[in-house]
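Q: Sequence and computational prediction follow.
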Amino acid sequence: MSTPPPVESVARQALSQALIQHGDRLYSLALRVTRDPDMAADAVQEAFATALQRAADFRGDSAAGTWLHRIVYTKSIDLLRRRGRDAVLPEEDVSGIASEDDRPSRGAAWARPPDEILYGRETRAALAKAMEALTPLQRVVFEMRDVEERATDEVAEILGLPAGTVRVHLHRARLRLRAQLGTHFRGMS
Amino acid sequence: MNCDGFYERITDHQEGVLSTDDCSAIEAHLKHCQECNGLRSDLEALAKLCREAKEKAEMPPAVRARIESLLQQES
């Protein structure tokens, strides 16, 4: 009987495969959290180094992508903290659903600009600015759930949070974005 | 269900985690509240807008190369 390959060798092969399969999405996740290409690059590299050190935990199955996403997310947050960038917008506690600054937007529905304006350069810029107003956690929850259309349970698993907490951050992110973009759209109508 | 209740529960409603009674109350409220219908349609438009405006982020080749190198190194 032949000797099975060592765990680390299997992990290197599996991580190489994961880099091909998930590399862009992992980098995208780090970029969403950090909003900084250099920091995102560092986060992804550190994540793969950590994954390699934890080779024994690597299962090499379909959950590998989720596992790597979680490590990248943790590394991104660690880097933000190390570099003092998370002080801009502290995370809210999850005891209440809505924060006061989201509430004034409730009554004002967006005007409906034509599609060419809606998807134009100005709106893209307004959207990018609105995203900056979110906390890193709100941003990543919103993008994973509403933009990438991942299941809430998968987002919760990646972030290591209860699904209910993910929904609270999703709710806040949606309302805050609506409020931010409402100013932009009302200005165009 | 009033507007405050709808405002607090709309995400849970869209996520399908509310009780049957709460869902019924929300649907009943939406039948007569233009403001909350506006909120709902704005949130739907927001998600669509973000999906269509999203630019694909690709890992820079230099970063990919460094990770490949890391994975090829023998310990």
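A: Nice, I can see it.

Q: Please, which helix or strand holds the closest residue to chain A within chain B?
A: Chain B approaches chain A most closely through residue B:38 (2.9 Å), counting by C-beta to the nearest C-beta. Any C-beta I mention is one placed from the backbone N, CA and C, and that applies to glycine too. Using DSSP states H and E, residue B:38 sits in helix B:34-53.

Q: thinking in terms of the whole chain, how far from its middle is that helix?
A: Centroid separation for helix B:34-53 versus its chain: 10 Å, with C-alpha atoms, centre = their mean, to the nearest Å.

Q: Packing partners of that helix?
A: helix A:121-132, helix A:163-188, helix B:3-15, helix B:20-30 (3 or more C-beta pairs under 8 Å, 6 or more residues apart in numbering or on different chains; DSSP states H and E).

Q: hang on, residue A:72 packs against residue A:30?
A: Yes: with contact defined as C-beta atoms under 8 Å, residue A:72 counts as touching residue A:30 (5.3 Å).

Q: which stretches of chain A form helices?
A: A:7-34, A:37-53, A:64-82, A:115-118, A:121-132, A:136-142, A:152-159, A:163-188 (DSSP state H).

Q: Mean pLDDT and mean neighbour count for these - can I get that in a markdown table?
A: Compiled in a markdown table, those are given as follows (pLDDT from 0 to 100; neighbours: other C-beta atoms under 10 Å in any protein chain shown):
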| stretch | mean pLDDT | mean neighbour count |
| --- | --- | --- |
| helix A:7-34 | 87 | 19 |
| helix A:37-53 | 94 | 19 |
| helix A:64-82 | 90 | 19 |
| helix A:115-118 | 59 | 12 |
| helix A:121-132 | 84 | 15 |
| helix A:136-142 | 93 | 24 |
| helix A:152-159 | 93 | 19 |
| helix A:163-188 | 86 | 20 |
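
Q: In space, what's closest to the residue most central in space within chain B - neighbours in sequence excluded?
A: Centroid-nearest residue in chain B, with C-alpha atoms, centre = their mean: residue B:47, separated by 6.1 Å. For residue B:47, ignoring the flanking residues on the chain, the nearest one in space by C-beta to C-beta, 6 or more residues apart in numbering or on different chains is residue A:146 at 4.3 Å.

Q: Many thanks, I have nothing further to ask.
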